[in-house]
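Trainee: take a look and give me a structure for this.
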Amino acid sequence: MAHPQDRAPLDRWRADEILEPEQPLWGLPLIARVMGVSVDTARRYARDPAVPISQPAGTGQYFAYRSELQAWLKAKR
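Mentor: This next block holds a predicted model:
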């Protein structure tokens, strides 16, 4: 049995991952807020195919999953 001190601390990333791992994010303002960047920076990231932000055809909006963004951000560090 794991002891509480053996677990990673509950930070912002782990809390969101535990509570809402597959929450869809619609729109660059929300995506930018989750990423902790400006809307312009999120727009630049969206142009990079390696970043998990997409713009589904016919929607006119950007879309991402919180869990995928968090994984990408962690890997980027």
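Trainee: and stretch 61-73, what's its mean pLDDT?
Mentor: Mean pLDDT, computed over stretch 61-73, is 91.
Trainee: quick one: buried residues of stretch 60-77?
Mentor: Within stretch 60-77, the residues that qualify as buried are 62, 63, 64, 65, 66, 68, 69, 70, 72, 73, counting by 16 or more other CB atoms under 10 Å. C-betas here are computed from N, CA, C, even on glycine.
Trainee: would TSV of these with distance to residue 28 and secondary structure be doable?
Mentor: Converted to TSV, the buried residues of stretch 60-77 look like this (distance: CB to CB, whole Å; DSSP: H, G, I helix; E, B strand; the rest coil):
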residue	distance to residue 28	secondary structure
62	5	coil
63	10	strand
64	9	strand
65	15	strand
66	14	helix
68	16	helix
69	12	helix
70	17	helix
72	16	helix
73	16	helix
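Trainee: for the residue nearest to the spatial centre of the chain, what are its contacts?
Mentor: Residue closest to the average C-alpha location in the chain (CA atoms, centre = their mean): residue 69, at 2.7 Å. The contact partners of residue 69, by CB atoms under 8 Å, 6 or more residues apart in numbering, come to 25, 31, 34, 35, 52, 53.
Trainee: mind redoing it with 6 Å?
Mentor: residue 34 (CB atoms under 6 Å, 6 or more residues apart in numbering).
Trainee: residue boundaries of the helices in this structure?
Mentor: 12-19, 28-35, 39-47, 66-76 (DSSP state H).
Trainee: rebuild those as a markdown table, extending it with distance to residue 57.
Mentor: As requested, those are arranged in a markdown table below (distance: least, CB to CB, whole Å):
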| stretch | distance to residue 57 |
| --- | --- |
| helix 12-19 | 28 |
| helix 28-35 | 17 |
| helix 39-47 | 14 |
| helix 66-76 | 19 |
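Trainee: between these, which gets the lowest average pLDDT?
Mentor: In terms of average pLDDT, helix 12-19 trails the rest of the helices of the chain, at a mean of 61.
Trainee: burial of residue 56, as a residue count?
Mentor: 10 (other CB atoms under 10 Å).
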